[in-house]
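>>> Would you be able to build a 3D model of this:
(chains A and B, ligands or ions: 1)
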Amino acid sequence: MPSTTLFEKLWDEHVVASPEGEPTLLYIDLHLVHEVTSPQAFDGLRLNGRTVRRPDRTLATADHNVPTDPISTPVKDPVSRRQLEALEENCEEFGITVFPRGHENQGIVHIIGPELGVTQPGMTIVCGDSHTSTHGAFGALAFGIGTSEVEHVLATQTLPQQKAKSMSVTLKGKAPEGVSAKDIALAIVSRLGTGGGAGYVLEYRGDAIRELSMEGRMTICNMSIEAGARAGLVAVDEVTIDYLRGRPGVPQGIDFDEAAARWRRYVSDDDASFDNEVVIDARELTPYVTWGTNPAQVVALSGRVPSPDDYDDADEKAATARSLAYMDLTPGTPVRSIPVDVVFIGSCTNSRIEDLRAAAHVAQGHRVASGVRALVVPGSHRVKRQAEDEGLDQIFLSAGFEWREPGCSMCLGMNPDQLQPGQRSASTSNRNFEGRQGRGGRTHLVSPVVAAATAVKGRFATPEEVTS
Amino acid sequence: MKPVRVLEGRAVPLERSDVDTDQIIPSDWLKRVERTGFGRGLFSEWRDDPGFVLNDQRYVGASILIAGSRFGTGSSREHAVWALMDYGFEAIIAPSFGDIFRNNSSKQGLVIVQLPSSDVEELNALIREDSTRLVVVDVDDLRVEVPEAGWQRTFSLDPMIRERLLNGWDDIGLTMRRESAITTFERGHVSPTLTGVFDHEGHALAQ
Ligand code: SF4
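As a prediction, this is how the structure comes out:
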């Protein structure tokens, strides 16, 4: 047998048909659905008199536009309300399990799949959201799709796909103390650029990846799309298996051991070759902040805002100038001196329990700087409950953070959690595009610990500045 | 989807690179449950600016958008394609495109024409010079043309996408013809389902 990459194994096991001159028809094991990209797909099914082929492989949750106010308050925005209602009605009509707002299992779609154990190694997973790449942390081939494809999967449980190329991204050595998974993710995006991963499925490898928890690996796979890649992967190891043990969606007892034995196969063979290879020295990494309006515009937190003059390429110069103007930043400004108005800890990148623990640890015993609004939005009700059991909510609340209900929230500003024009945020989410968090808002992407430290200092800061 | 063979229309030069899908249709617009009406939200953050090119009278009614590199990167929202088409665009010409956007476009019949940046620049110049010049996008011959200026380039398209554009084929219908292959595959395929994981109210059965 020739040696194969993890991606090739996953691909080969899901080929339904590969007709000459046409894309491969790939089988989909799990389809995750949310309220924003699905209504038109269900509409399409109805229009054509079609049904959902495998409701038992389809799971829905409300996340993108749920308000994060107490569940007892009604959804004020009539359009959001309509989408949320439509999701429940559609799932009822087509026999799909759904977690509506306030349900004990509700949360951001990429948080709940893993935590419920329905995301498993060896699967193909799709969702009408580009950050589906998150699930790749489990050795599953997971990617985002558009609404027409949502409709296609609902109707046929398959997708016509062109096979991507494979790229290994190796993080060599151990990351220094204080460097979090988010910093590694930002370093990767900055290194590859926003288009560097286009056409590829990335497999993250190396010591610095192996050392990470599943939460950290999810953070990294999550941001694969920011480098333009379709999907990200991490090979299965004991960390993967330990994370899954006992979760509702996985087999229990002896059956689990059998499943685990099967899952351990989801690794690239030792001598498998990739279409492209990138090596990053993890020992040189440091906490990062994005300064511009795309996620590859990254600078060390200890650094300074770059200048258009730093670039030779005319396009690059112009893009830098444009980003700086939008972000209202002056070249050469030390990052640590930039004040923020809002701090957002949340999103499918960084709202898992480990993220909240890390942020709470920094915030403990301190106060959010005056004039700064700081929100903590847990990724799911399960995360929220666990955090409350551990007393993290009290740490945040007494430090002056808001403790909200779960959802995507300010990651994309579809619910009322938005930046006002001109406001500047430190955000643990994944996109800093113009207006992403609210019209005219200025977003800087950071890790949860940097976000917490920044909230306390009122300007970009590392945890050491707060705790020492 | 309607068959597309030859498109002919005026073009508008956007002259911006890295226009992501958040710029094409801001998230506020994603709340709709219908498939139509998104044209009003197209580039809505820029439309208030009188200097924005779509507000330029010379380009009103253009059906071909000439964009910069990496058009349509970012979120998977298909609404970006619906917005461009609802506004009246039938083809986008650019040096490069976001992967998901390109894919989404093919499902709706929005024609994606990728040309080297130097060609896109030439085309921009021709249109800036005279905005009434007609641009022809021939999906059958894989050719872009400004007949009046004697300018002509070829482009490539995935053969399957070309076939579907030419025939107006619907994706799902095509796959459903493979029903028996899917059923056979399912019989031999081991992978967990949600059966027995949740009760009818979505509560997890095992804890
Ligand atoms: S948190 Fe943000 S990136 Fe993640 S699913 Fe929600 S909107 Fe998408």
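>>> my read: residue A:332 touches residue A:307, true?
Yes: with contact defined as Cβ atoms under 8 Å, residue A:332 counts as touching residue A:307 (6.5 Å). Where C-beta positions appear, they are placed from N, C-alpha and C, glycine not excepted.
>>> Compare neighbour counts for these two and give me the winner.
Taking other Cβ atoms under 10 Å in any protein chain shown, residue A:332 and residue A:307 do not tie; residue A:307 has more neighbours (14 against 9).
>>> tally of neighbours for residue 143?
Just so you know, I chose chain A. 28.
>>> my bad, the chain I had in mind was chain B
The burial count for residue B:143: 15, using other Cβ under 10 Å.
>>> Distance of it relative to chain A?
21 Å (Cβ to the nearest Cβ, to the nearest Å).
>>> What pLDDT does the model give that residue?
On pLDDT, residue B:143 comes in at 97.
>>> how many neighbours does the closest residue to it other than its chain neighbours have?
Leaving aside its chain neighbours, residue B:143 sits nearest to residue B:154 (5.4 Å; criterion: Cβ to Cβ, 6 or more residues apart in numbering or on different chains). The burial count assigned to residue B:154 is 11, neighbours taken as other Cβ under 10 Å.
>>> hang on, residue B:154 packs against residue B:139?
No: using Cβ under 8 Å, residue B:154 is not in contact with residue B:139, being 11.9 Å away.
>>> related to what we said a few turns ago, which residues does the residue nearest to residue B:143 contact?
When contacts are counted by Cβ atoms under 8 Å, 6 or more residues apart in numbering or on different chains, residue B:154 touches B:141, B:142, B:143, B:144.
>>> contacting residues around the third one?
Yep, that's residue B:143 we're talking about. B:136, B:137, B:152, B:153, B:154, B:155.
>>> Is the first one bridged to anything, and to what?
Counting by DSSP bridges, residue B:136 is bridged to residue B:8, residue B:145.
>>> State the distance from it to residue B:6.
7 Å (Cβ to Cβ, to the nearest Å).
>>> When these two are compared, which one has more neighbours?
residue B:136 (17 against 12).
>>> Got the confidence number for the more buried one?
98.
>>> what's the distance between it and residue B:161?
Distance from residue B:136 to residue B:161, by Cβ to Cβ: 19 Å.
>>> Which helix runs longest in the chain?
In the absence of a named chain, chain A is used. helix A:78-94 (DSSP state H).
>>> ah, no, chain B please
The single longest helix within chain B, with elements called by DSSP H, is helix B:117-129.
>>> Give the residue spans of chain A that score low on pLDDT.
Low-confidence segments of chain A (pLDDT under 70): A:1, A:468.
>>> Next to the ligand, which bits of it? Give me the list.
A:63-64, A:108-110, A:129, A:131, A:347-348, A:408, A:411-412, A:429-430 (Cβ under 6 Å from any ligand atom).
>>> can you count the residues close to the closest residue to residue B:192 other than its chain neighbours?
Excluding the flanking residues, the one nearest residue B:192 by Cβ to Cβ, 6+ apart is residue A:120, at 6.3 Å. Here the number of neighbours of residue A:120 (other Cβ under 10 Å) works out to 28.
>>> before we move on, back to that, could you tell me which of the contacts of residue B:154 belong to strands?
Residues of the contacts of residue B:154 located in strands (DSSP state E): B:143, B:144.
>>> Now for the contacts of residue B:154, which sits with the most neighbours around it?
Result: residue B:144 is most packed of the contacts of residue B:154 (other Cβ under 10 Å), 25 neighbours.
>>> So residue A:119 is in contact with residue A:109, correct?
No: counting by Cβ under 8 Å, residue A:119 sits too far from residue A:109 to count as a contact (10.4 Å).
>>> and for these two, which residues touch both?
With Cβ under 8 Å, 6+ apart, residue A:119 and residue A:109 have no common neighbours.
>>> so residue B:127 touches residue B:58, yeah?
No: contact criterion Cβ under 8 Å: residue B:127 and residue B:58 do not qualify, at 9.4 Å.
>>> Of those two, give the one with the bigger neighbour count.
For residue B:127 versus residue B:58, the count of surrounding residues by other Cβ under 10 Å is larger for residue B:127: 23 against 14.
>>> How about the contacts made by that one?
Taking Cβ under 8 Å, 6+ apart as the test, what residue B:127 contacts is B:10, B:11, B:12, B:13, B:66, B:133, B:135, B:146.
>>> one more time with 10 Å
Residues in contact with residue B:127 (Cβ atoms under 10 Å, 6 or more residues apart in numbering or on different chains) are B:10-13, B:58-59, B:62, B:64, B:66, B:133, B:135, B:146, B:149.
>>> just those residues that are near chain A?
On the criterion Cβ under 10 Å from any Cβ of the partner chain, none of the entries of the contacts of residue B:127 sits beside chain A.
>>> What is the burial count for the residue in chain B that the ligand sits nearest to?
Scanning chain B for the residue nearest the ligand gives residue B:75, at 7.4 Å (criterion: Cβ to the nearest ligand atom). Per other Cβ under 10 Å, the neighbour tally for residue B:75 reads 29.
>>> OK, contacts around it?
Residue B:75 neighbours (Cβ under 10 Å, 6+ apart): A:37, A:129-131, A:144, A:146, A:225, A:412, A:431, A:433, A:436, B:20-22, B:24-25, B:27, B:30, B:98, B:100-101.
>>> quick one, phi psi at it?
phi -60, psi 160 (degrees, to the nearest 10).
>>> Name the residues of the host helix or strand of residue A:113 that come out as buried.
Taking DSSP states H and E as the criterion, residue A:113 maps to helix A:109-115. By neighbour count with 16 or more other Cβ atoms under 10 Å in any protein chain shown, helix A:109-115 contains the buried residues A:109, A:110, A:111, A:112, A:113, A:114, A:115.
>>> So the residue nearest to the third one when sequence neighbours are not counted versus residue A:142, what's the distance?
Leaving aside its sequence neighbours, residue A:111 sits nearest to residue A:379 (Cβ to Cβ, 6+ apart; 3.5 Å). Distance check for residue A:379 against residue A:142: by Cβ to Cβ, it reads 17 Å.
>>> In three-state terms, label the residue of the stretch 251-400 of chain A found nearest chain B for me.
Going by Cβ to the nearest Cβ, chain B is nearest to residue A:252 of the stretch 251-400 of chain A, at 5.8 Å. Following DSSP: H, G, I helix; E, B strand; the rest coil, residue A:252 is assigned to coil.
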